[in-house]
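A.B. asks: A structural model of the following input is requested.
(2 chains)
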Amino acid sequence: MANYLSITEQECEEMLATVGVKKCADLYADIPVTLKNKSLKIAPGKSQQQVMEDLEAYAAENVVFNSIMRGAGAYDHYVPSVVKYLSSRSEFLTAYTPYQAEMSQGILQSIFEFQTMICSLTGMEVANASVYDGSSAAAEAAFMCVEKDKREILVPESVKPQVIEVMRTYLSRRNITIKVLTEKDGYIKDGKIDSAKLQEVINEHTACLYMEQPNYYGVIEDAEFVCEMAHHKGAKVIMGCNPMTLALLKSPAECGADIAVGDAQPFGLSISFGGPYLGFMATRVNKETMRRMPGRIVGQTTDAKGNRCFVLTLQGREQHIRREKALSNICSNQAHCALVASMYLTSMGKEGLKEVATACTSLAHYAAEQFTQGKATLKYPENNDFFHEFVTVTPCKADKIVEKCAKMGILAGLPIGPNEILWCMTEKVHKEDIDKVAEIMRRA
Amino acid sequence: MKLIFERSRKGLRCATIRPLEVPSHNLEKKYLRKDVQLPEVAEVDMARHYTELSRNAFGVDSGFYPLGSCTMKYNPKINEDVAALPGFTKVHPLQEEETVQGSLHLMADLGADLAELTGMDGMTLQPCAGAHGEFTGLMLIAAYHEGRKDTKRNKILVPDTAHGTNPASAVMAGFEVINIKSNEEKGVDLDDLRAKVGEDTAALMLTNPTTLGLFEKNIEEISKIVHGAGGLLYYDGANLNAIMGVVRPGDMGFDVIHLNLHKTFSTPHGGGGPGSGPVGCKQSLVGFLPNPSVIKNKKDEYEFNYAKSSIGKVSTFYGNFGVMVKAFAYVRTLGADGLKEAAEHAVLNANYMKAKLEDIYPTEKRFCMHEFVIDLQKLKNETGVSAKDVAKAMIDKGIHPPTMYFPHIPGVIDEALMIEPTETESKQTLDEAIKVLRELYELAFKDPAYLQSAPHDMAIGRPDEVAAARKPIVRFEGEY
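C.D. replies: Here you go, the predicted model:
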């Protein structure tokens, strides 16, 4: 019913007269009449008030849990009000990609700041302005590693299953093979990559290893050792990380990874049924890596008067210049999500981020201890530590536990086997709720 | 402007969280880093910083944004409110299906509306942007041919006026790209198409209206040629805003399409994203759509369906759900008639501007669709003032420049400005922009140097892009 036009009947008449037609439909003279639409089966327009009511009704069909103990790629963190307010300013929200630097310095600088923060967390030297999500970041990073004779990507099954699936789709028609390293074949031991076994499988055709730190089961890998082994045999390492863990854990660069990727959704973005999220990519600087990095990159320069300013740079890599020779087709990215993430990191600051990360890991360790007071056990207790996710094994079915928790308004961890649950604790989870679930687990 | 790092002062805090209710856990030292460097500011510093950045940004709410091919229409505020409903934002993507019926219901309804609007039989909402949609659509096409054991089809035909993403996406999907020439009317050269189409053709990618803002009159003939050779027709939905509700890509003969919810369906561009690039297809390709799709089961409940024949996943979860909610509110507000009305007024606005400019800025003689391209080659020859100079001078007048140097056909169009006013702009806004463009034309003859050094009234002048690329500085390296 609303059409968001800003035109009176009289103005419309004047404009039609200027153009030299009687009605708008006359402007479509080039479209063959036989092709033109009859009527469409789309509901008639409604008032804004009705649309608001309708959408509220859709939202009400979802169940919102009071407490979320599920992660597995989507993490429910507290978002400070200052982030929500500032990021919703319409100059940010309604701007396009900053092609015109002179009137887009605010956007460009915000991306430059985002790149700096991602470099700081990952220990890397160059980050791009974002890609769609953590999975597409992993796939794009794989493209960066592939060479003429090195076209095999190794992926342990201890990474998020969705990432493997997306990588498969991306790489399937590029003559690149993905070899999944399974627990069954001995590549994963006690929930971690077995470095010695890994060495056996790397050969001259191996381009890279994609690993996650911590991995899907929440286990902290011996990443330095894995990187060393991979490099020793001539393979690169792409490290997927939940950037929240980087407040405490050694950076991918420190561990020896060549490319760091991941999803920065935990930085201020609501879980929103899976999107929009925020894929990030960062790497060390040399001529080769700069040239092969996909997506927008903002660089610092000066204008004629010597003022510091920012521009989209190294555009020779991108599709609008190189067309079929571009390394990636990415154009639109997740810029506004990157702005939110920078704001989140600014609002938390270095101490705040450490506090959030410490709260996550402390609550998770408390929960793991409380959950295993009865018959439930941790799946990977040997020589391991974890950040904020862990897997329990229970005699009773995982679904039953999920159901019992749901009755108390708690979203339990994700069932990843008939009797296995992958739990996640963030700073939003209350001790009281952990204690309630512990009671269920004791009887499981 | 100061960088946030230059505002950092040790010990300052902004946001705070609940004190820990359990014993603090220390991870093993061998896993830990020494420190992490992030800015330390108070909330007021942060608010001032980002407000300053926002004042140095320009959105549709700030003023006229006739950026061709990008459809910078007004972004209704109700869209933001509905996407922020807790019933949507607080839902985990891996919740059990019975607890996410609202999200699934919305995705099913939006998919159905978009399929109806475009004449398609199936629709996925999983791609996160237009280029992501192109890749997805081309993967469907590859799967379709492979499914028929027609394995020689490894070439994608792309007109020379196509968006850069088209050829780049084709290569990502494992195809070879064959360029098709434009004819005198800047449409597909049918002879060149006939010469290049064949047993190895997987598909032709086409934008209609074309990137010159003209309706491809020969679309039925093109469809016959491509389909006759066993190929498929791919629709780049970047320009759908001109024709929605008027003519459907499916009825024109297209088999696969992608849409840009952030263009046609009024969701904000956010300074470069997030967008959403749904992909639709005809029945013969539905089985290949990304997993999972949303279906309604016999009990009238929504559920995810995983098809064996699917090309697989293209996103971690289901795409940019928040963007889908905004687009759905838009479709439901306008309805069938409103969508058509929007398209008609987009076309009227473009033709009005064209009519008022074409005596001095050469452009195609036909009615344009939602956008038109002016060619500044003659002006450049006579004055030395380029398309870029005129564009930069528009900045001083508070107008975002049109798309520059696209389309680019060397020797044919080298100084293009592509103007897309969109339907939401008023006659007053268009008249003001017309006045500015006419004044700049005159100024090009009187004082070309002024235009060549524009903009003059912004915080910065033209940046040295060569220096930026030669010695890239891509992060702040100072102490803080």
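A.B. asks: Just the local confidence number for the residue in the stretch 101-250 of chain A that chain B sits nearest to, please.
C.D. replies: Residue nearest to chain B within the stretch 101-250 of chain A: A:Arg173 (2.9 Å; CB to the nearest CB). No exception for glycine: its C-beta is placed from N, CA and C like everyone else's. Per-residue confidence (pLDDT) for A:Arg173: 95.
A.B. asks: residues touching the nearest residue to it once chain neighbours are set aside, list them.
C.D. replies: Nearest residue to A:Arg173, sequence neighbours excluded (CB to CB, 6 or more residues apart in numbering or on different chains): B:Gly174, at 2.9 Å. B:Gly174 is in contact with A:Ser172, A:Arg173, A:Arg174, A:Asn175, B:Ala142, B:Asn154, counting by CB atoms under 8 Å, 6 or more residues apart in numbering or on different chains.
A.B. asks: same check, this time on B:Asp113
C.D. replies: Here B:Asp113 is in contact with A:Ile42, A:Ala43, B:Phe328, B:Val331 (CB under 8 Å, 6+ apart).
A.B. asks: Go again with 10 Å.
C.D. replies: Contacts for B:Asp113 (CB atoms under 10 Å, 6 or more residues apart in numbering or on different chains) come out as A:40-43, B:123, B:265, B:327-328, B:331-332, B:335-336, B:339.
A.B. asks: Of these, keep whichever come out buried.
C.D. replies: For these, a burial check counting by 16 or more other CB atoms under 10 Å in any protein chain shown picks out A:Leu40, A:Ile42, B:Met123, B:Phe265, B:Ala327, B:Phe328, B:Val331, B:Arg332, B:Gly335, B:Ala336, B:Leu339.
A.B. asks: my read: the third one touches B:Thr136, true?
C.D. replies: When you say that, I think you mean B:Met123. No. Contact status for B:Met123 versus B:Thr136: not in contact, 11.3 Å apart, counting by CB atoms under 10 Å.
A.B. asks: Over to stretch B:53-61 now: how far is its first residue from its last?
C.D. replies: 15 Å (CA to CA, to the nearest Å).
A.B. asks: ditto for stretch B:236-253
C.D. replies: Start-to-end span of stretch B:236-253 (CA to CA) is 13 Å.
A.B. asks: does chain A sit close to that stretch?
C.D. replies: Yes. Stretch B:236-253 comes into contact with chain A (CB under 10 Å from any CB of the partner chain), by way of B:Ala242, B:Ile243, B:Met244, B:Gly245, B:Val246, B:Val247, B:Arg248, B:Asp251, B:Met252, B:Gly253.
A.B. asks: by contact count, what packs against the helix or strand containing A:Ala137?
C.D. replies: Assessed by DSSP states H and E, A:Ala137 sits inside helix A:134-145. When contacts are defined as 3 or more CB pairs under 10 Å, 6 or more residues apart in numbering or on different chains; DSSP states H and E, helix A:134-145 packs onto strand A:152-156, helix A:161-171, strand A:206-212, strand A:236-240, strand A:259-263, strand A:279-283, helix A:287-292, helix B:165-172.
A.B. asks: Mean confidence (pLDDT) on the helix or strand harbouring B:Glu442, please.
C.D. replies: Using DSSP H and E, B:Glu442 falls within helix B:427-446. The predicted model assigns helix B:427-446 a mean pLDDT of 98.
A.B. asks: Whether that helix contacts chain A - can you check?
C.D. replies: Yes. Contact of helix B:427-446 with chain A (CB under 10 Å from any CB) involves B:Lys427, B:Gln428, B:Thr429, B:Leu430.
A.B. asks: could you say what helices and strands that helix packs with?
C.D. replies: Secondary-structure packing of helix B:427-446 (3+ CB pairs under 10 Å, 6+ apart): helix A:9-19, helix B:321-357, helix B:377-383, helix B:387-396, strand B:416-419, helix B:448-452.
A.B. asks: swap the cut-off to 7 Å and go again
C.D. replies: Helices and strands touching helix B:427-446, by 3 or more CB pairs under 7 Å, 6 or more residues apart in numbering or on different chains; DSSP states H and E, are helix B:321-357, helix B:377-383, helix B:387-396, helix B:448-452.
A.B. asks: Identify each buried residue in that helix, please.
C.D. replies: B:Lys427, B:Thr429, B:Leu430, B:Glu432, B:Ala433, B:Ile434, B:Val436, B:Leu437, B:Leu440, B:Tyr441, B:Leu443, B:Ala444.
A.B. asks: Which of these sits closest to chain A?
C.D. replies: B:Lys427 (4.5 Å).
A.B. asks: Hmm, that closest one is touching A:Ala17, no?
C.D. replies: No. Taking contacts as CB atoms under 7 Å, B:Lys427 lies outside contact range of A:Ala17: 12.0 Å.
A.B. asks: In space, what's closest to B:Ile257 - neighbours in sequence excluded?
C.D. replies: B:Tyr235 is the one closest to B:Ile257 (CB to CB, 6+ apart), at 3.8 Å.
A.B. asks: Which residues are in contact with residue 187?
C.D. replies: No chain in the question, so chain A it is. A:Pro156, A:Leu181, A:Ile193, A:Asp194, A:Lys197, A:Leu198 (CB atoms under 7 Å, 6 or more residues apart in numbering or on different chains).
A.B. asks: Wait, chain B was what I had in mind.
C.D. replies: Contacts of B:Gly187 by CB under 7 Å, 6+ apart are B:Thr210, B:Leu214, B:Glu216, B:Lys217, B:Asn218.
A.B. asks: Could you check the pLDDT of it?
C.D. replies: On pLDDT, B:Gly187 comes in at 92.
A.B. asks: average model confidence for the longest helix belonging to chain A?
C.D. replies: Counting by DSSP state H, the longest helix found in chain A is helix A:335-371. The average pLDDT for helix A:335-371 rounds to 98.
A.B. asks: quick one: that helix to strand A:279-283, angle?
C.D. replies: 90 degrees (axes from the mean of the first three to the mean of the last three CA atoms, to 10 degrees).
A.B. asks: Can you name the element that comes right after helix A:335-371?
C.D. replies: Downstream of helix A:335-371 (by DSSP H and E), the next one is strand A:377-378.
A.B. asks: Other residues contacting that next one?
C.D. replies: A:Ala368, A:Thr372, A:Phe390, A:Val391, A:Thr392, A:Val393.
A.B. asks: what residue ranges in the stretch 201-350 of chain B score low on pLDDT?
C.D. replies: For the stretch 201-350 of chain B, no stretch has pLDDT under 70.
A.B. asks: Likewise for the stretch 1-150 of chain B?
C.D. replies: Short version for the stretch 1-150 of chain B, where the test is pLDDT under 70: none.
A.B. asks: Now do the contacts for the nearest residue to A:Glu11 once chain neighbours are set aside.
C.D. replies: Nearest residue to A:Glu11, sequence neighbours excluded (CB to CB, 6+ apart): B:Lys427, at 4.5 Å. Contact analysis of B:Lys427 by CB under 7 Å, 6+ apart lists A:Ile7, A:Glu11, A:Met15.
A.B. asks: from those, which is closest to B:Gly275?
C.D. replies: Of all the contacts of B:Lys427, B:Gly275 sits closest to A:Ile7, with 27.3 Å by CB to CB.
A.B. asks: Let me know whether my guess that that closest one is in a helix holds.
C.D. replies: No. Counting by DSSP: H, G, I helix; E, B strand; the rest coil, A:Ile7 is not found in a helix; it is coil.
A.B. asks: so who does it touch?
C.D. replies: B:His345, B:Ser426, B:Lys427.
A.B. asks: Does B:Pro401 belong to a helix, a strand or coil?
C.D. replies: coil.
A.B. asks: out of everything not next to it in sequence, what's closest to B:Leu233?
C.D. replies: Nearest to B:Leu233 is B:Phe254, by CB to CB, 6+ apart, at 4.7 Å.
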